[in-house]
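Asker: Here's my sequence, what's the structure:
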Amino acid sequence: MDNQTILDILTQTNEYVSGQALAEQLGVSRQAVWKEIKSLRESGYEIESATKRGYKLKSFPKYLNAPAVKAALNTKIIGCELTVLDRVGSTNDYLKQRGAEGCKNGAVAATREQVKGKGRLGRAWLSKRDENIAFSVLLRPKIAPYEAAPVTPLAGLAVCKALREFTGLDCRIKWPNDIIVGRKKLCGILTEMSAEFDAVEYIITGIGINVDQAVFPEEIAYKATSLLLETGRHYDKNKLLACVLNHLEQEFLTGNLEFTTTVFEEYSSLCATTGKNVTFMRGTRRVSGMAVGVSESGELKIMLSDGTVVMVNSGEVTAQGIY
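Answerer: Here you go, the predicted model:
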């Protein structure tokens, strides 16, 4: 018997479900039902029992779990397949395998512990057990590879809006894919793609949010922060993840993965890089200039010392005053 089957039944109602009804629906004995209820309780689910009434789910575990996320989810596509792993190397790599196997558009993989997470430029991103939120979303858009550029800024906008709504923090976007509070990084985003010459097979966007992390490695402590450090509060990770997924669906699907005028205006208003002195690489040269805005396709507009405005669409950009 599958625990998820019992959870599905209990999460579909706010009323008690009798042990006999569960046994009949699952085709097992009442003793087997009791054993599974006991196992769920040991896993952190609060299940109330009452004589002659049966069982009632009162609360979910505090750690990431699929039933709790689904209970707060309000999407049609994002999260249609939702997997919460106990431990994984990388949620991006996990979804690559699932993508090759044919998982649905909008599939999501999250994990309680990530041990080989990836950041941009080959950096490692580790997530200790039940400390942060690490997850990936797979999309199967019918677009050419060159049309996929808006995915990362759209994801950044969605996460930024979700965090602002959920926590009240003045979160901002450091172009193109970091969410910051003040001068420190709260969240990172990494997008990867599998494509033929003229068609995308799937796009995977991996997102890591620092939630309960109180101590960071010495080499990044000066530039990293978490919701706990910023607010002193412990947030419900399941509801937070659901909030982010709800916003991702809105940003990804409303404009059909396009950087629309509305998206452009919202992104520009939240972009902390604009107005900062920045440095970036052009070939083998490091170049400095002033970030003067974001283009309607999501590129960073930088004015050089001679007044020339150049567009940067990828690579590492260092902004003065932001790590």
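Asker: which residue packs closest to Gly19, ignoring adjacent ones?
Answerer: In space, and not counting its chain neighbours, Gly19 is closest to Arg30: 4.7 Å by Cβ to Cβ, 6 or more residues apart in numbering. The C-beta positions use only the backbone N, C-alpha and C, and glycine is treated the same way.
Asker: Phi and psi next, for that neighbour.
Answerer: phi -70, psi -30 (degrees, to the nearest 10).
Asker: center of this protein - which residue?
Answerer: The C-alpha lying nearest the average C-alpha coordinate of the chain belongs to Ile207 (Cα atoms, centre = their mean; 4.2 Å).
Asker: is it true that Thr152 lies in a helix?
Answerer: Yes - counting by DSSP: H, G, I helix; E, B strand; the rest coil, Thr152 is part of a helix.
Asker: Kindly provide the distance from Ile78 to Asn246.
Answerer: 8 Å (Cβ to Cβ, to the nearest Å).
Asker: Just want to know which of these two has more residues nearby.
Answerer: Higher neighbour count among Ile78 and Asn246: Ile78, with 26 against 18, using other Cβ atoms under 10 Å.
Asker: Isn't the more buried one up against Leu248?
Answerer: Yes - the pair Ile78 / Leu248 is scored as a contact, 5.4 Å apart, by Cβ atoms under 8 Å.
Asker: so what sits against both of the two?
Answerer: Val137 (Cβ atoms under 8 Å, 6 or more residues apart in numbering).
Asker: that older thread, measure how buried the residue nearest to Gly19 is and give me the count.
Answerer: Count around Arg30 with other Cβ under 10 Å applied: 14.
Asker: That one and Gly54: what is the separation?
Answerer: Counting by Cβ to Cβ - Arg30 and Gly54 are separated by 10 Å.
Asker: which residues in the stretch 151-300 of the chain form helices?
Answerer: 151-167, 227-231, 237-254, 261-270 (DSSP state H, counting those that start in this stretch).
Asker: now the ones you listed in JSON lines, with mean pLDDT?
Answerer: Shown next, in JSON lines, are these (pLDDT from 0 to 100):
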{"stretch": "helix 151-167", "mean pLDDT": "96"}
{"stretch": "helix 227-231", "mean pLDDT": "98"}
{"stretch": "helix 237-254", "mean pLDDT": "96"}
{"stretch": "helix 261-270", "mean pLDDT": "93"}
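Asker: Which one of those helices lies nearest to Ala291?
Answerer: Smallest distance to Ala291 across the helices of the stretch 151-300 of the chain (Cβ to Cβ): 11.2 Å, for helix 261-270.
Asker: what sits against the closest residue to Ala100 other than its chain neighbours?
Answerer: What sits nearest to Ala100 in space, not counting adjacent residues and going by Cβ to Cβ, 6+ apart, is Ser194, at 7.9 Å. Listed by Cβ under 8 Å, 6+ apart, the contact set of Ser194 reads 96, 99-100, 200-203.
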